[in-house]
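Chemist: Provided below for reference: sequence and predicted model.
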Amino acid sequence: MEKLIITVALTGNVPTKKMNPNLPVTAGEIAADVKRCYDAGAVLFHVHTRDADQKPTLDLNVYKENARRIKELAPEVILQLSTGARAGKDWEERVNPVRLMPEMGSFTTGSNNLPGIVYENSPPFIEYLAKVYQETGVKPEIEVFETGMINNAVFLQKKGFIQAPLHFDFVLGAPGSMPGTTKNLQFLSESIPAASTWSVAGIGKAEIPLSAAAIVMGGHVRVGLEDNLYLPDGSPASNPLLVEKIVRLAREIGREIASPDEARTLLALDPSRKNRILNML
């Protein structure tokens, strides 16, 4: 089997320190968590940002500060900046993190219902964001909450906006979206184009079981407090503890953990671009 890429979704937009005191929200806390997770075996980091009041923000200066602090402590890691709509719906604000030239960015290729909101990604916005990925050469991670999002990504690839091999992240178990079952994971993993790579982000209690399934199936794994606040025994999780658990599972199964450069090879990232973001900070 290919070596396992471990992604960490550190913060997200929904969790708060009241929900889990281990949640990193400041640039310093986020960078320190990245370093601890990197030391434990994670190499890819999905980054959301918070303002001075710990509220989700798309402020580009906050993104810059987070990226700068992360790269100071863990220069080898792969940064994947979020373009999600929970922190704001303005198109330019959402695409600007991609223009900072991280190695990767998130790309949800469809809309879906989440608790209390419609997570809206209209066809015009999807094409607009795809063009920004095309212009910058940043690699998108296709966030898949349901099957149609795979079809939309393939359509964008055929139009030349995004390039193969595609990388998908199956987000399973979010209320209002596909349930977090191994049956759904197998279906999605068999529905993507040949030569694509994939990871799974199980939400809540689905995180560890789906991670174990992905390790066995040859996929990759995303964990983190954005997706799940608790360990299986019900105690508060932390990002490093979740990474350590995945590493133990992988080793028990006999699957090795990818280094940053091995992950770049598996994801078809250009290693010469790994520090482009530093020129934008």
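Modeler: Now that the structure is in, tell me what you want to look at. Residues are numbered from 1 along each chain as shown.

Chemist: shouldn't E2 be in contact with G218?
Modeler: Yes. Look at E2 against G218 with C-beta atoms under 8 Å: they come within range, at 6.6 Å. C-beta: built from backbone N, CA, C; applies to glycine.

Chemist: for the most centrally placed residue in the chain, what are its contacts?
Modeler: For the chain, H46 is the residue whose C-alpha lies nearest the centre (C-alpha atoms, centre = their mean; 4.1 Å). Taking C-beta atoms under 8 Å, 6 or more residues apart in numbering as the criterion, H46 is in contact with 7-10, 80, 82, 106, 141, 222, 224, 226.

Chemist: need these in TSV (columns: neighbour count).
Modeler: Formatted as TSV, the contacts of H46 follow (neighbours: other C-beta atoms under 10 Å):
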residue	neighbour count
T7	27
V8	32
A9	25
L10	26
Q80	26
S82	27
S106	21
E141	24
R222	29
G224	29
E226	24
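
Chemist: between those, which sits nearest L266?
Modeler: T7 (12.1 Å; C-beta to C-beta).

Chemist: could you look up the SS state of that closest one?
Modeler: Look at T7: counting by DSSP: H, G, I helix; E, B strand; the rest coil, its state is strand.

Chemist: what sits against it?
Modeler: Each residue near T7 by C-beta under 8 Å, 6+ apart is listed here: 42-46, 80, 169, 199, 201, 220-224.

Chemist: check G84 too.
Modeler: The contact partners of G84, by C-beta under 8 Å, 6+ apart, come to 13, 48, 94, 106, 108, 119.

Chemist: now do 10 Å
Modeler: 12-13, 46, 48, 56, 58, 94, 97, 106-108, 119, 121, 143, 226 (C-beta atoms under 10 Å, 6 or more residues apart in numbering).

Chemist: assumed the residue nearest to the centre of the chain was part of a strand.
Modeler: Yes. Counting by three-state DSSP, H46 is part of a strand.

Chemist: and the nearest residue to G202 once chain neighbours are set aside, how many residues sit next to it?
Modeler: Nearest residue to G202 in three dimensions, chain neighbours excluded: L210, at 3.5 Å (C-beta to C-beta, 6 or more residues apart in numbering). Neighbours of L210 under the rule other C-beta atoms under 10 Å: 27.

Chemist: what does A52 give?
Modeler: 9.

Chemist: now N184, nearest residue through space, not along the chain?
Modeler: Nearest non-adjacent residue to N184, counting by C-beta to C-beta, 6+ apart: M178, 5.0 Å away.
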